[in-house]
Each structure stands twice: as C-alpha cells, then as structure tokens.
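Undergrad: Show me how the following folds:
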Amino acid sequence: MINMSAVNAALKTLLDAALTGYDIQRAPYTNMDADRCPWVGIYRGPAKYAPRTLGSNLSGKKWKANNTVRLQVQSASGLSGQQAEERLELYLSEIMTAILADPTIGGTVSTIVDYDVEYSFNSDASETLY
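TA: Numbering: from 1, shown residues only. Below you'll find the predicted structure:
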C-alpha cells in the first residue's frame, strides 16, 4: 500500500521549494480568504488497488496502485473575473511544471500516470472580488 500521507507531504515539500508566494496547505478546510491567494490545498483522493497478475498474493510488488492526489488551486482578483481566470491559468502552469519536474514526487511513487484539471467557479455575488 502507498502511504498517501507521505506522498502528500512530499508533494507539499516539492511545491514549497518550486513556488514562491503560494500558500500551500495539506488537508485544510477550503480557503475563504482572497488575500491568501494563490492558494493550494493538497488532499488525498480515491485509491484503487488491483493485482498485476492473476493469482497474486498480498506480498511483494504484485499489486498495482492507482492513487489520486487532489489539488485545489485558487486565484482571486479585485479587478475582474478575466484577471482571476488568467491568474489561475498561470498558477496551474507553474504547479504542473513543478510537479512534472519530479514525476516520482520525491520517490514516494513510481511515476505520475496522468492528471485531470477540473474547473469550478465561486458564483457568490461580490462587488469587490472575483
């Protein structure tokens, strides 16, 4: 089994070293303070374990693990939604560049197999914040 706490800790260390000015947290409540942006929350996601070969036992490396790490990335702007969106794309680019520079996440996993990006939007009305 993969120790996801160790993976998330290594990911935080990797991002802290590569990114300047980001507020990066492990397993926090969702950020509600725009002044903390760019903000990144690191969370564990689903874990799926399957045998690599038929008849595998529980010992050794006969199991394949597909574990998911979820990052929540936030941007904010007091000027416009467009600026907040453009900042978010910059943050995503910087974060993925940092992660893909070490696809073993500090040796805690064999390699990153794939990643998905899902966008969401805070639709609460605000006259001063996007």
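Undergrad: surely Lys62 meets Ala50?
TA: No: using CB atoms under 8 Å, Lys62 is not in contact with Ala50; the gap is 10.3 Å. All C-beta atoms are positioned from the backbone trio N, CA, C, and that covers glycine.
Undergrad: Settle it for me: which of those two has more neighbours?
TA: Lys62 (12 against 9; other CB atoms under 10 Å).
Undergrad: So which other helices or strands are in contact with the longest helix anywhere in the chain?
TA: Across the chain, the longest stretch assigned as helix under DSSP state H is helix 81-100. If contacts are counted by 3 or more CB pairs under 8 Å, 6 or more residues apart in numbering; DSSP states H and E, helix 81-100 sits against helix 4-18, strand 63-74.
Undergrad: tell me the angle of the helix or strand hosting Ala50 relative to helix 4-18?
TA: Secondary structure from DSSP states H and E places Ala50 in strand 39-51. Taking axes from the mean of the first three to the mean of the last three CA atoms, to 10 degrees, one finds strand 39-51 and helix 4-18 inclined to each other by 140 degrees.
Undergrad: and strand 39-51, average pLDDT?
TA: Across strand 39-51, pLDDT averages out at 93.
Undergrad: quick check, distance from that strand to the centre of its chain.
TA: A distance of 9 Å separates the centroid of the chain from that of strand 39-51, by CA atoms, centre = their mean, to the nearest Å.
Undergrad: Appreciated, that's everything.
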